[in-house]
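> Give me a model of this one.
(4 chains)
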Number of protein chains: 2
Amino acid sequence: MILNDRKKEILRAVIEQYVKTAEPVGSKTVASVFGSAISSATIRNEMAELESLGLLEQPHTSAGRVPSALGYRVYVNELMSEHKLSNDDEIAISSALRSGAPGQGHLLDNAGDLVSRMTTYPAYAMSSMAGGISIARFDMIFVDSFTFIIVALLNNDSVKNKLVHLTLPTEPAFLTKLSSVFNASFTGLAEERITPALITASERAVGDTTGIVAVAAGFTIELLIEAKAGQSRVSGAVNLLSHPEYRDVEKARRLIKYLSDDNEIARLPSPDATGEIKITIGPENLADELRDSSVMAVRYDAGGDMQGLIGVVGPTRMDYSKVAARLSYIAQGLSWLLSASELQSISADKNSGIGDEDEIGKDD
Amino acid sequence: MILNDRKKEILRAVIEQYVKTAEPVGSKTVASVFGSAISSATIRNEMAELESLGLLEQPHTSAGRVPSALGYRVYVNELMSEHKLSNDDEIAISSALRSGAPGQGHLLDNAGDLVSRMTTYPAYAMSSMAGGISIARFDMIFVDSFTFIIVALLNNDSVKNKLVHLTLPTEPAFLTKLSSVFNASFTGLAEERITPALITASERAVGDTTGIVAVAAGFTIELLIEAKAGQSRVSGAVNLLSHPEYRDVEKARRLIKYLSDDNEIARLPSPDATGEIKITIGPENLADELRDSSVMAVRYDAGGDMQGLIGVVGPTRMDYSKVAARLSYIAQGLSWLLSASELQSISADKNSGIGDEDEIGKDD
DNA sequence: CGTTAGCACTCTCGGCCTTAGAGTGCTAAA
DNA sequence: TTTAGCACTCTAAGGCCGAGAGTGCTAACG
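Model prediction:
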């Protein structure tokens, strides 16, 4: 978009004013931003042109102008100045990262809560694994003859388990055999690659006639499915309700409903590279429910082959610059803590929970 | 409350009509309920008396009447007829219970989702353990010299785990010793009873100089705290927004905010005995945020020493009878499935996940 | 004495009009 | 090219009015 400098400044002024007040911005208001350098009449002319370029819109004749989605896009691409985080923000974020939200053990929840608190918008957090989630190692714990526990160490360094009850008794030696077969056959496989044929083969390998292999395999699949599902989280959806664009309950309800669907979350925009902030504005979003909202997201490095993603969903009238700054500061902090923790281990500092690998998606 | 039969019938009619329409009910409407048995003038007289008794209220002269909190209370205690569940409802509930919500492994989530879906109100689900949560059994899994897993079988039959990284190497034999000391010292203890003194004692018992005992004990405490926290869940908070009494966004926001606080959830009303439905109406609720909402809850038997609780939060204008019927049908179903599963074990039916003990709060 | 028809009265809600104010676009002058 | 001036447009808020709903009271009735 080729705009002369003055148009750019006017566009910037309109957007920044509108973001602040949520009211259409008139030529006089813009003029006052420039002191007495330009008259409101000139600005009116410029604004009329900006409108015909599709960057501004008028709710009706004789209201001021409001940025269009395209206007925001130009602003984000070309005009937005880097927002400098305040000291308070930096302190708030880094101390929250270091201590984790009280009473919460989950990294995704922690990160999501923090993002949502620091932006006043609903946040989403996801983690993903290059090559998908699989099990790195099985252990079977004998509890009593009718009970055992499957413990699975996943390739994302989290641990999951299943308690299994049996109708026919078993014994420790059998479980040892079971676990070595499982370690041989099922490790490294994504959930969809654990096929019935594979299970039957293992059944034969163990010499199982009681069905225990099938059951254990079933739990293994469940466990992998849960591990995949546990990879996304939305926090602070209520926050939507404090923004004027969602004062219409029905609109808010639809968006919150949308955000509570895990499958949809997985489809939210995600940036290609670590550190780069991806912004999709209004109709740039594919989902209908997001047509008049914006989404910002950033990846972070969760150590090893793991990648994480945090983002927010809010009205198109967002302070993109400020949100971007906070989002990327948080992402950087997470990358740092999570990569650092690869070298880290027993730590006397009990509060640094959020950085410990034991915190990563080990739920269930 | 001593009311003659006709007053009772009128009160009932007003409430049932109001529940249906959310509009103040006039004498004529009530009269039509009785056919031409009583004239609207008579009803007017009766309604005026019901108002002076505090059972009905008038939003303004010349609107109809609306039930007061006291009116609902009398209705719930004395007038409410038992709602007969439709066949469809029974089928919907029992099949949902049997199969679990798709993609969700957690019992609390499942139950909460179901309740919220079947009532259109936000639901809360909790589970609790007579005597508190403690660990029944420890296992330590050696992964490599610098890594091991603590697996804890809790007294509520769920399993939790922690992945621990070490700075100094260890070996399987040491972990065996560690786990026997932990099994001897820390089993059966609630989180607050694992004291520094106890930890030091174990340290001496194992002969540990590396701090590994302290770290493992720290993780054990964390694990218990998480187990306690994982015992309550709210589902379907968005549902509030579809009810006209929460069309005021600010009101809805406050209530949803309130419901997203775990500590507050733990304080929501809970009935004394299994099967009994506890209903608190409007100002009967202690929390300010619930002053114009009602809460209904029922306990179910989760097998063994475990108790569960499901409930809903909604406007005082609720169909108490219908919600009660659905709630208690769900509670009965849960009791049945969970108690049954004590006898149950390996089951060929992969879909009966919700009834399997492995599903209970094993999210750590 | 309880019940009922009749009626005046009250209050809300929606529609309509008016006015104030904000902001525009156009014109003409600098 | 910029700007002052001005007529014009549109909304939002307030006021007014009539329709409608529902009441409470009174007086008549069985």
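> Quick check: which ranges of chain A have low pLDDT?
A:1, A:100-106, A:340-364 (pLDDT under 70).
> Return the residues of it in contact with DNA strand D.
For chain A, the contact set with DNA strand D under CB under 7 Å from any atom of the strand comprises A:Ile38, A:Ser39, A:Ala41, A:Thr42, A:Asn45, A:His60, A:Thr61, A:Ser62, A:Ala63. (Each C-beta comes from the backbone N, C-alpha and C, glycine too.)
> and the third one, that one's in a strand?
No - judged by DSSP: H, G, I helix; E, B strand; the rest coil, A:Ala41 forms no part of a strand; its state is helix.
> among the residues of chain A next to DNA strand D, which ones are buried?
With neighbours counted using 16 or more other CB atoms under 10 Å in any protein chain shown, the residues of chain A next to DNA strand D contain these buried positions: A:Ile38.
> Which of the residues of chain A next to DNA strand D sits closest to A:Ser128?
A:Ser128 has its nearest neighbour among these in A:Ala63, at 44.4 Å by CB to CB.
> What residues does that closest one make contact with?
A:Ala63 sits next to A:Pro24 when contact means CB atoms under 8 Å, 6 or more residues apart in numbering or on different chains.
> Okay, and it sits in which element?
Using DSSP states H and E, A:Ala63 sits within no helix or strand.
> And it, how close does it get to A:Glu57?
Distance, A:Ala63 to A:Glu57, using CB to CB, to the nearest Å: 10 Å.
> swap in A:Leu97?
Taken as CB to CB, the span from A:Leu97 to A:Glu57 is 39 Å.
> between these two, which one's more packed in?
A:Leu97 (21 against 16; other CB atoms under 10 Å in any protein chain shown).
> Now tabulate the residues of chain A next to DNA strand D in TSV and tack on distance to A:His243.
Formatted as TSV, the residues of chain A next to DNA strand D follow (distance: CB to CB, whole Å):
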residue	distance to A:His243
A:Ile38	32
A:Ser39	34
A:Ala41	34
A:Thr42	33
A:Asn45	33
A:His60	22
A:Thr61	27
A:Ser62	26
A:Ala63	20
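> Please enumerate the strands of the stretch 1-150 of chain A.
Secondary structure of the stretch 1-150 of chain A (DSSP state E, counting those that start in this stretch): strands at A:56-57, A:66-67, A:123-129, A:135-144, A:147-154.
> Of those, flag the one that's most buried.
strand A:123-129 (a mean of 25; mean count of other CB atoms under 10 Å in any protein chain shown).
> Alpha carbons only: can I get that one in PDB?
Taking C-alpha atoms only, strand A:123-129 is exported to PDB below (Å, rounded to 0.1, in the frame of the first residue of the first chain):
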ATOM      1  CA  ALA A 123      -5.700 -16.900  25.500                       C
ATOM      2  CA  TYR A 124      -4.900 -20.200  24.000                       C
ATOM      3  CA  ALA A 125      -1.900 -22.300  24.600                       C
ATOM      4  CA  MET A 126      -0.800 -25.400  22.700                       C
ATOM      5  CA  SER A 127       2.100 -27.600  22.700                       C
ATOM      6  CA  SER A 128       3.200 -29.900  19.900                       C
ATOM      7  CA  MET A 129       5.800 -32.400  19.100                       C
END
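> Check whether it comes into contact with chain B.
No - Strand A:123-129 is not in contact with chain B by CB under 8 Å from any CB of the partner chain; minimum separation 13.6 Å.
> Over to stretch A:311-319?
No - with CB under 8 Å from any CB as the criterion, chain B is not reached by stretch A:311-319; the gap is at least 13.9 Å.
> tell me how far that stretch is from the chain's mean position?
14 Å (CA atoms, centre = their mean, to the nearest Å).
> how long is it from one end to the other?
14 Å (CA to CA, to the nearest Å).
> Other residues contacting that stretch?
Contacts of stretch A:311-319 (CB under 8 Å, 6+ apart): A:18-19, A:22, A:67, A:69, A:72, A:83, A:115-116, A:119-125, A:240, A:243, A:245-246, A:255, A:259, A:268-270, A:278, A:281-282, A:290, A:292-298, A:323, A:327.
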